[in-house]
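Enquirer: compute the structure for the input listed below.
(chains A, B, C and D)
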Number of protein chains: 2
Amino acid sequence: MATISDVAERAGVSTATVSRALNGKSTVDPALAARVQAAAAELGYHPNGLARNLRRQETAVLALIISDVENPFFTAIARGVEDVAQTAGYSVVLCNSDESAEKERRYIDVALQERVAGVVLSPTGASTSVQVLSQRGTPVVAVDRPLTTEVGDQVLVDTRLAARQATEHLIAAGYRRIACLTGPAGVRTADDRLAGYQDAVRESGASGASDDELVRRSEYRATGAAEATADLLALTPPPDALLVANSTMAVGVLEVLAARGLRLGRDIGVVAFDDAPWATLVDPPLTVVAQPAYDIGTRAAQLLLARIGDNTRETTSATLAARLIPRGSSSRTA
Amino acid sequence: MATISDVAERAGVSTATVSRALNGKSTVDPALAARVQAAAAELGYHPNGLARNLRRQETAVLALIISDVENPFFTAIARGVEDVAQTAGYSVVLCNSDESAEKERRYIDVALQERVAGVVLSPTGASTSVQVLSQRGTPVVAVDRPLTTEVGDQVLVDTRLAARQATEHLIAAGYRRIACLTGPAGVRTADDRLAGYQDAVRESGASGASDDELVRRSEYRATGAAEATADLLALTPPPDALLVANSTMAVGVLEVLAARGLRLGRDIGVVAFDDAPWATLVDPPLTVVAQPAYDIGTRAAQLLLARIGDNTRETTSATLAARLIPRGSSSRTA
DNA sequence: ACAGGATGAGTAATCGTTTACCCGAGACGC
DNA sequence: GCGTCTCGGGTAAACGATTACTCATCCTGT
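Expert: Next up is the predicted model:
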């Protein structure tokens, strides 16, 4: 593969001149510059990014560590990050931590080794490994879930409020025995959604149920959610509505409900987080809490780029609002 | 950030010894090794991957360039690639070409600059830029769509056969006026699916329609598919079945059908490509052509790693089979 | 006792850039 | 005509690792 010296030799100049001509940093005689350009083109020269970054002590790469590549919520974030990064000339390395603190740690290590310019992260948990990043001066922005330590910017969603509003919506629609299906304990979004649900239930006194009778936790996946749903339906009396914490879980929930012949809305009210593209295709359409995933991504990327430019800025924490989209699945008359 | 010399100094040895002790390449006195480990730990030393790769003339990074991050088919591929890459110690850079040849070219440039070890690519088109990669000796594996030039391995799906079988399935179910909704001309999967559809139609003589009356093309997205569907329904007589080339398009199609009050299966048969997680949630469940996306990813990654190990292997082209999963949407009696 | 091999660790070259530094030539003011 | 300033471009020193050489030391077999 052609190097800068090959180009220099062919153009009959020094490597310094080639570098200057190609990067346009300093003024170079137009005639020479043209010769260099030509030589580079003829040799099909591609600068070695490794060498360049090693010398410059900087890379134009951002790492994006998310908990699940197959969850549309996170891919929408990725899209947002990517769009912003791309226009600023950065590439994005996507890493899938799979909700595993171990994988997260490993990827943070890789990010550190590769000297990425910054990291966007949806933290799996308490993750002390994040501190390593900031200690080394690598900017971090947390998305979706907060960092326990104050080491970077955050872009969150007021998910507790959203859960509360969703629950209130179900109560207003006449449901009285509302169950909550949320993610694993310790995952902040799962806990927040549960808390929002409890806020609404407590305030309205809607449920005479004992505290946790109607609460179930599972992984943020379809199969776990399906089991939890079956479990809830076995109660006497069973719940008359469900608040589901995520769209992949909703898939499992709806499968079980359909298998039991329960009609959405009429027999059992359902509200799920995340406005999946298919939400309008089920019958009746699914009421959802739409999270501004793409915006989270763009916002996070902007904050990260700003911090890369100036690491002394004070840390900010943006909280975006989610939006309830009422559809048939939360209406008894649907 | 601590460098290898810092560690060397603190441990009272040379940088060579530090390198050897940390990489375990050569035998080092256990006592020294321990001192080095300790020094590295105390300083929080992370080796600079740039310098390492520059020297070693290799990187443990694969680039994965796909046409749409938000399409579950491609994220499933990504997952497959990642899982294999990860166990082999490689990281994966995900790039989103967005069906744009221009973006694809740019990302290939980046891959070249960063000297990635290999590239997995779902080519947008004729893409001459791929040749640049192989000229530079970077291994490439194409997924989902073939490369026109013989420069690398390929992992494809026999999508033409699958389309033909899906169409035959509709014919066998009693549908006679079957329309085909496929992707843009020039995108190989779109053309193949159309060809397979035409194979079946021609052979059976099922349709008396003139050639392309029942064929529509749009982008691989919901909105374009919705318009095309409305267009097809305006025909007299309208089609009694639809073959849809992709699951994101299916979303648009099903929305329009629902809006018109058309019942799946009974009023209009539907088969769509890609077994989306929600396919069982619509009523009746959607008949799909399940593509082995995850397997495509693992297979591609394996081929790529093999080629990275030995670039002289002859190029292989694997064709995986898709599987028709009949459900209610393609049955008149459902 | 000594040649020869094995072993462990240091010295310095190397990867391919960027860039600080220096130098020669032409321009210009006096 | 000479000092000085500007400008273009070459030389060589980084960047931070890995690794080919080299060399001292020790072990071993005859």
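Enquirer: what's the nearest residue to the spatially most central residue of chain A if we skip its chain neighbours?
Expert: Of all residues in chain A, the one closest to the mean position by C-alpha atoms, centre = their mean is A:F74, 4.0 Å from it. Excluding the flanking residues, the one nearest A:F74 by C-beta to C-beta, 6 or more residues apart in numbering or on different chains is A:I66, at 4.3 Å. Every residue, glycine included, has its C-beta placed from N, CA and C.
Enquirer: wait, what's in contact with that neighbour?
Expert: A:I66 sits next to A:74, A:77-78, A:94-97, A:122 when contact means C-beta atoms under 8 Å, 6 or more residues apart in numbering or on different chains.
Enquirer: which phi and psi does it have?
Expert: phi -120, psi 170 (degrees, to the nearest 10).
Enquirer: and if you look at A:L181?
Expert: The phi/psi pair for A:L181 (degrees, to the nearest 10) is phi -120, psi 110.
Enquirer: surely it and A:Y220 touch.
Expert: No: look at A:L181 against A:Y220 with C-beta atoms under 8 Å: they stay out of range, at 10.5 Å.
Enquirer: so what sits against both of these two?
Expert: The contact sets of A:L181 and A:Y220 overlap at A:245, A:249 (C-beta under 8 Å, 6+ apart).
Enquirer: between those two, who's got more neighbours?
Expert: A:L181 (31 against 23; other C-beta atoms under 10 Å in any protein chain shown).
Enquirer: what pLDDT is listed against that one?
Expert: Here, the pLDDT recorded for A:L181 equals 97.
Enquirer: for it, list the residues it contacts.
Expert: By C-beta under 8 Å, 6+ apart, the residues touching A:L181 are A:216-218, A:225, A:228-229, A:232, A:242-245, A:249, A:253.
Enquirer: got a markdown table for those, with distance to chain B and secondary structure too?
Expert: Shown next, in a markdown table, are the contacts of A:L181 (distance: C-beta to the nearest C-beta, whole Å; DSSP: H, G, I helix; E, B strand; the rest coil):
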| residue | distance to chain B | secondary structure |
| --- | --- | --- |
| A:R216 | 20 | strand |
| A:R217 | 21 | strand |
| A:S218 | 16 | coil |
| A:A225 | 12 | helix |
| A:A228 | 17 | helix |
| A:T229 | 13 | helix |
| A:L232 | 19 | helix |
| A:L242 | 15 | strand |
| A:L243 | 18 | strand |
| A:V244 | 13 | strand |
| A:A245 | 16 | coil |
| A:M249 | 11 | helix |
| A:V253 | 10 | helix |
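Enquirer: any idea how far A:V110 lies from DNA strand C?
Expert: Note on A:V110: its distance to DNA strand C, by C-beta to the nearest atom of the strand, to the nearest Å, is 20 Å.
Enquirer: now do the contacts for that residue.
Expert: Counting by C-beta under 8 Å, 6+ apart, A:V110 has contacts A:63, A:95, B:49, B:91.
Enquirer: how many other residues sit next to the third one?
Expert: Pointing back at B:G49 there. 25.
Enquirer: for the first one, same thing?
Expert: Neighbouring residues of A:A63 were enumerated by other C-beta under 10 Å; the total is 25.
Enquirer: dig out what it forms beta bridges with.
Expert: Note on A:A63: beta-bridge partners by DSSP bridges are A:V93, A:V119.
Enquirer: am I right that it is in contact with A:Y90?
Expert: No: in terms of C-beta under 8 Å, A:A63 does not count as a neighbour of A:Y90; the distance is 10.6 Å.
Enquirer: would you mind measuring from the nearest residue to A:N311 once chain neighbours are set aside to A:L62?
Expert: Spatial nearest neighbour of A:N311, chain neighbours left out: A:P139 (6.1 Å); criterion: C-beta to C-beta, 6+ apart. Applying C-beta to C-beta, to the nearest Å, the value for A:P139 to A:L62 is 9 Å.
Enquirer: any residues in contact with both of the two?
Expert: Taking C-beta under 8 Å, 6+ apart as the criterion, A:P139 and A:L62 both touch A:117-119, A:304.
Enquirer: which among the residues you listed end up buried?
Expert: Neighbour-count burial (16 or more other C-beta atoms under 10 Å in any protein chain shown) is assigned, among those, to A:117-119, A:304.
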